[in-house]
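Trainee: I would like to see how this sequence folds:
(one chain, ligands or ions: 1)
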Amino acid sequence: MRFILASSSERRIEYLKNFGFDFEVKKIEVTEKIFNNDPVKTVVYNAYMKAYKVRKHYNLPVVGMDTIVELNGRIFGKPKDEKENVKMIKKLLGNSHRVITGIVALKDEFSIIDYEISIVHFRKEVDMELIKKYVASKEGLDKAGGYAIQGLGSIFIDEVSGPLDNVIGVPILKVHEILKMMEEV
Ligand SMILES: Cc1cn([C@H]2C[C@H](O)[C@@H](COP(=O)(O)OP(=O)(O)OP(=O)(O)O)O2)c(=O)[nH]c1=O
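Mentor: Numbers count the residues shown, from 1 in each chain. Below you'll find the model as predicted:
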């Protein structure tokens, strides 16, 4: 089903395009909110706001997504600078965190709201020099949690449980499922 993707993320756009999804992109910037200790509410709210802001211009379903990292109730979005990126990575080392993506599809009065969770375990010992080198690459700056599992950030990963596509912010199976449900309305 053809849809509108409410996103400014080249990664999301490319990934969905490569899969052959039929969509138009409407670039949108929203000020993302964080509800501490409530990661699901956080991603659903932000995904909803992305979709909501563009819905009135279209007859097609509008899809918005949001991805965050959550460690013991604390929510990590994108680091604001390299200093914060170093801090985030240091906190993630030796721990398991959750990566949660919210997906919201809106069409007329109808909405479908869902989310996906994956668990990522970071290695315990990574030399500070290497962390600084990673952060200097700037790869983590536009990523939730300050790393990219699909890129150089793979050096931090010990184990992933749950969908990997969700960690990079595009849970394809959920998107597919939601579009099918929209088709039936
Ligand atoms: C943890 C992790 C996150 N990410 C990305 C996925 C998300 O795109 C991004 C979190 O930011 P989001 O706010 O979810 O998305 P965005 O700002 O990139 O795009 P949009 O315009 O749709 O709001 O972090 C990775 O690419 N790899 C990773 O390993």
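
Trainee: tell me which residues touch the nearest residue to F19 once chain neighbours are set aside, please.
Mentor: Nearest non-adjacent residue to F19, counting by Cβ to Cβ, 6 or more residues apart in numbering: I172, 6.2 Å away. (Glycine included, C-beta is placed from N, CA and C.) Applying Cβ atoms under 8 Å, 6 or more residues apart in numbering to I172 gives the contacts 15-16, 19, 165.

Trainee: of the residues you listed - the most surrounded one?
Mentor: In terms of neighbours by other Cβ atoms under 10 Å, the contacts of I172 top out with L16 at 22 neighbours.

Trainee: now that one: how far from K80?
Mentor: For L16, the distance to K80 (Cβ to Cβ, to the nearest Å) stands at 27 Å.

Trainee: next one: I172
Mentor: 29 Å.

Trainee: what does G140 give?
Mentor: Taken as Cβ to Cβ, the span from G140 to K80 is 12 Å.

Trainee: higher neighbour count, the two?
Mentor: Neighbour count, other Cβ under 10 Å: between G140 and K80, G140 has more, with 25 against 9.

Trainee: ok, and the closest non-adjacent residue to the more buried one?
Mentor: G140 sits nearest to G146 (Cβ to Cβ, 6+ apart), 4.0 Å away.
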